[in-house]
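Undergrad: predicted model, plus sequence, below.
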Amino acid sequence: MKPPLSSSSSAVLRKARLSPYVFTLLAFIVFVSILYGEDFMCSLGQLEPTPGRAMSKPVKRRGKLAFAIGKGEEGCDIFSGRWVRDELTRPLYEESECPYIQPQLTCQEHGRPDKDYQKWRWQPHGCDLPSFNATLMLETLRGKRMMFVGDSLNRGQYISMICLLHKLIPDDQKSMKTHKNGSLTIFKARDYNTSIEFYWAPFLLESNADNAIVHRISDRVVRKGSINKHGKNWKGVDILVFNTYLWWMTGLEMKVLKGSFEEENKEIIEVSTEEAYGMGMRSMLRWVRKNMDRKKTRVFFTSMSPTHAKGIDWGGEQGENCYNQTTMIEDPNYWGSDSRKSIMKVIGEVFSKSKYPITFLNITQLSNYRKDAHTSIYKKQWNPLTPEQLANPISYADCTHWCLPGLQDTWNELLFAKLFYP
Ligand SMILES: *[C@@H]1O[C@H](CO)[C@@H](O)[C@H](O)[C@H]1NC(C)=O
Ligand SMILES: *[C@@H]1O[C@H](CO)[C@@H](O)[C@H](O)[C@H]1NC(C)=O
Ligand SMILES: *[C@@H]1O[C@H](CO)[C@@H](O)[C@H](O)[C@H]1NC(C)=O
Ligand SMILES: *[C@@H]1O[C@H](CO)[C@@H](O)[C@H](O)[C@H]1NC(C)=O
Ligand SMILES: *[C@@H]1O[C@H](CO)[C@@H](O)[C@H](O)[C@H]1NC(C)=O
């Protein structure tokens, strides 16, 4: 067990009595943390060997979690760490070896000149990550269903998982099919009787962006309390991996529909993004509590995936973005302006009250450093590019999605670590 926050801070106070210098330092910390709020305290927590942060422990542990075969190292936050170059073991697979990657993510095939972005390994500060063992993962999934539910970023993580596993399965034993409306993609490994699926639900709740093929809607509306609309398709799944964030970011407010989409006189209210997002998260938790058996199943939630559309965030030129970025951001405290801390706070608050233990994949900070890992212009384009665009590649660089192999393989290594060694 970790000491609660109060005991570690009283330890600091005892030290403070020993030395006036430490006392001065402490006063300075208190002053700065009043100035900068909890973010500064979080970064201090990384320096302290025994952090007592409540936020990083949203999962309540009562008894052993399903699928666990060991325990994570005591006091080690695997999401706090740094990137190290590792040419020997990265990438975990080659782009050309994985036929399942959508042309929107095959950067090499689309002319990306560098490969450096594939050669980084995540190194937590306090411990090592277990190596991703595809045999163990696949054996564990025998006779089971795993499903990723969310938006295109979650689809990327889903494809990464399949790329990490598929080589163990002979060609005539595996298949991947997408339902004709595009909502559900199913990868099957027949001998294992396993299916790994992706379900499109960018808000988790019902919305006017649910059509998996045509969803380029600027005036987004999400329907209150409508989790079962999609949730009915998740029943019976053994391991669920949710994400939802980017689609909520349409400004400072979000449109929420109270009745149904079929009604002629729709009652639509506008509430703050945080309030709407919290409503969505609570609906998801309710669904999980009602439909998932905590003794046999696991639920993961992947935190927001950052974008790198504004170079000024990392001290670049005005107008610069992820285009032509081949190095990562070195500042350990870097946090992009589009990753709203207020949303992170909502997630923390909602999860801390959860009765079902949701495993939080806190990938935001570690992905924030990776301005080099986006697909940028090296992807299949939906529409032909205009001469104006071609003359100015920054204008059409995709700074939201990530090349595969790449960053999202690390998200799955973290998922692997938390599944087996929570
Ligand atoms: C997520 O991880 C970062 C980096 O370790 C940490 O600063 C932050 O507090 C974590 N957030 C939550 C909600 O646990
Ligand atoms: C991977 O997992 C399998 C199945 O549990 C095990 O037999 C094997 O030794 C593991 N491989 C490594 C390198 O740990
Ligand atoms: C295959 O897996 C499903 C669950 O996904 C299970 O219901 C079924 O009994 C399994 N079939 C066999 C032959 O093991
Ligand atoms: C797509 O089809 C599946 C299966 O019929 C259904 O469950 C799902 O709700 C459909 N998706 C949409 C957006 O209509
Ligand atoms: C890309 O960045 C390098 C510096 O890192 C610069 O020399 C080069 O001109 C840039 N290329 C383009 C096409 O912007």
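TA: On my side now, so go ahead. Ligands and ions are numbered 1, 2, ... in the order given.
Undergrad: just to check, Ile343 is in contact with Tyr277?
TA: Yes. The pair Ile343 and Tyr277 passes the contact test of CB atoms under 8 Å, sitting 5.8 Å apart. (Glycine included, C-beta is placed from N, CA and C.)
Undergrad: what parts of the stretch 151-300 of the chain come near ligand 3?
TA: By CB under 6 Å from any ligand atom, the residues of the stretch 151-300 of the chain that approach ligand 3 are Asn193.
Undergrad: so which residue of the stretch 151-300 of the chain comes closest to ligand 2?
TA: Leu168 (10.6 Å; CB to the nearest ligand atom).
Undergrad: got the contact list for the residue in the stretch 251-400 of the chain positioned nearest to ligand 4?
TA: Per CB to the nearest ligand atom, Phe261 is where the stretch 251-400 of the chain lies closest to ligand 4, at 11.2 Å. Residues counted as contacts of Phe261 (CB atoms under 8 Å, 6 or more residues apart in numbering) are 206, 208, 221, 223.
Undergrad: residue nearest the middle of this structure, spatially speaking?
TA: For the chain, the residue nearest the mean C-alpha position is Thr302 (3.4 Å; CA atoms, centre = their mean).
Undergrad: for stretch 379-391, buried residues please.
TA: Across stretch 379-391, burial judged by 16 or more other CB atoms under 10 Å covers Lys379.
Undergrad: now stretch 132-150
TA: Result for stretch 132-150 [16+ other CB under 10 Å]: buried residues 132, 134, 137-138, 140-141, 144-150.
Undergrad: identify the residues contacting the residue of the stretch 301-422 of the chain found nearest ligand 3.
TA: Relative to ligand 3, the nearest point of the stretch 301-422 of the chain is Leu419 (17.2 Å; CB to the nearest ligand atom). Leu419 is in contact with 67-68, 140, 239, 298, 300, 359, counting by CB under 8 Å, 6+ apart.
Undergrad: list buried residues within these.
TA: By neighbour count, with 16+ other CB under 10 Å, those hold 67, 140, 239, 298, 300, 359 as buried.
Undergrad: for the fourth one, list each beta-bridge partner.
TA: For Arg298, the beta-bridge partners under DSSP bridges are Ile239.
Undergrad: let me see the ranges of the strands in the stretch 51-200 of the chain.
TA: Under the criterion DSSP state E, counting those that start in this stretch, the stretch 51-200 of the chain contains strands at 81-85, 120-124, 145-150, 174-178, 184-189, 194-200.
Undergrad: same thing with the stretch 251-400 of the chain?
TA: Ranges of strands in the stretch 251-400 of the chain, per DSSP E, counting those that start in this stretch, are 253-257, 268-272, 298-302, 358-361, 374-376, 398-402.
Undergrad: strand partners of the fourth one, parallel vs antiparallel please.
TA: In other words, strand 358-361. strand 298-302 (parallel).
Undergrad: again, but for the last one
TA: The strands that strand 398-402 pairs with in its sheet are strand 374-376 (antiparallel) (by DSSP bridges).
Undergrad: sorry, back to before: now do the shared contacts for Ile343 and Tyr277.
TA: With CB under 8 Å, 6+ apart, Ile343 and Tyr277 have common neighbours Trp248.
Undergrad: please identify the deepest-packed of the strands of the stretch 251-400 of the chain.
TA: The highest mean neighbour count among the strands of the stretch 251-400 of the chain, using mean count of other CB atoms under 10 Å, belongs to strand 374-376: a mean of 26.
Undergrad: neighbouring contacts of it?
TA: 104-105, 107, 112, 307-308, 322-325, 393, 397-403.
Undergrad: next one: stretch 142-152
TA: Stretch 142-152 has contacts (CB under 8 Å, 6+ apart) with 104, 154-155, 157-158, 161, 192-202, 204, 230, 234, 236-247, 302, 401.
Undergrad: 6 Å - rerun?
TA: With contact meaning CB atoms under 6 Å, 6 or more residues apart in numbering, stretch 142-152 is reached by 154, 158, 192-193, 195-199, 201-202, 237-244, 247.
Undergrad: same question, stretch 182-192
TA: Outside stretch 182-192, the residues within contact range by CB under 6 Å, 6+ apart are 142, 162, 169, 173-178, 195-200, 212-213.
Undergrad: ditto for stretch 273-280
TA: 204-205, 248, 254, 256, 342-343, 346.
Undergrad: quick check: the residue of the stretch 301-422 of the chain closest to ligand 3 is in a strand.
TA: No. Read with DSSP: H, G, I helix; E, B strand; the rest coil, Leu419 is helix and lies in no strand.
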